[in-house]
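Novice: sequence-free structure coming up:
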């Protein structure tokens, strides 16, 4: 599903060059649930942003579902992202004045669907994450765990092949974290490939494999 070959990403800060990723080789199988761990500054979030087509690598290849991601021109890359990838972030990124249903409908804005079809797709995604009774709630009327579920529903409303999650439980207490991780596991059991950056070793119990980064390099891999 995902193949990374000799991937490097460098940033220039003044006269200094920072090597965020250094020669990473990695393969992720279809239907796998992979966690990425490492200390702050190890390159976890940079790797996820490169996987998500949002951060051009300095060198190397990213192949996803048989497509060379960064060989696509800008518009085609945006289309590929919209059709194949779902993103979940630590800070939810919900629009405060939109209801849960309206937030989940956002990725469907450019989809060639009627408004009623978009409405039904968003309703179905929210029901899938256990929020079918809270469609009309604003984010401020939802708990942190419920807001994260809305963010997950938004990520899956396009039925993407791959879900990319960056510290999805970072703002949640341990009980709510376990509920959200169980939901990711359920989505993965349904066939979606999940790649998750986390700092919490407890989350790795839900995944098939953990990749450890240090100083922009893969230093270990292991089964959970």
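Specialist: It's in. Quantities reported herein were computed from a predicted structural model and do not represent experimental measurements.

Novice: count of residues packed around residue 205?
Specialist: 13 (other CB atoms under 10 Å). (Glycine included, C-beta is placed from N, CA and C.)

Novice: could you do residue 189 as well?
Specialist: Residues contacting residue 189 under the criterion other CB under 10 Å number 10.

Novice: and the residue positioned nearest the centre of the chain, which helix or strand is it part of?
Specialist: With distances taken as CA atoms, centre = their mean, the residue of the chain nearest its centroid is residue 164 (1.7 Å). Per DSSP states H and E, residue 164 falls inside strand 162-166.

Novice: so what touches that strand?
Specialist: For strand 162-166, the external contacting residues (CB atoms under 8 Å, 6 or more residues apart in numbering) are 1-2, 45, 48, 51-52, 64-65, 84-90, 155-156, 184, 187, 192-197.

Novice: repeat that for stretch 21-28.
Specialist: 1-9, 34, 43, 46-47, 50, 57, 60, 193, 195, 211, 215-218.

Novice: tell me what the helix or strand of the chain with the lowest mean pLDDT is packed against?
Specialist: Averaged element by element with mean pLDDT, DSSP states H and E, the chain has its least confident helix or strand at strand 217-223 (a mean of 82). Helices and strands touching strand 217-223, by 3 or more CB pairs under 8 Å, 6 or more residues apart in numbering; DSSP states H and E, are strand 16-28, strand 209-214.

Novice: please repeat the previous calculation with a cut-off of 6 Å.
Specialist: Counting contacts by 3 or more CB pairs under 6 Å, 6 or more residues apart in numbering; DSSP states H and E, strand 217-223 is packed against strand 209-214.

Novice: for the strand it packs on, packing partners?
Specialist: By 3+ CB pairs under 6 Å, 6+ apart, strand 209-214 packs against strand 33-37, strand 217-223.

Novice: any idea how far residue 110 lies from residue 127?
Specialist: Distance, residue 110 to residue 127, by CB to CB, to the nearest Å: 23 Å.

Novice: neighbour count for those two, which is higher?
Specialist: Neighbour count, other CB under 10 Å: between residue 110 and residue 127, residue 127 has more, with 13 against 9.

Novice: what about the more buried one, which SS state?
Specialist: helix (DSSP: H, G, I helix; E, B strand; the rest coil).

Novice: give me the contact list for the longest helix seen in the chain.
Specialist: Longest helix of the chain, by residue count under DSSP state H: helix 174-189. Contacts with helix 174-189, where a contact means CB atoms under 6 Å, 6 or more residues apart in numbering, come from 33, 145, 148, 169, 194, 203, 206.

Novice: cool, stretch 85-105 as well?
Specialist: 52, 118, 122, 125-126, 134-137, 139, 147, 150-157, 160, 162-168, 170-171.

Novice: which of these count as buried?
Specialist: 52, 118, 122, 125-126, 134-135, 137, 139, 147, 150-157, 160, 162-168 (16 or more other CB atoms under 10 Å).
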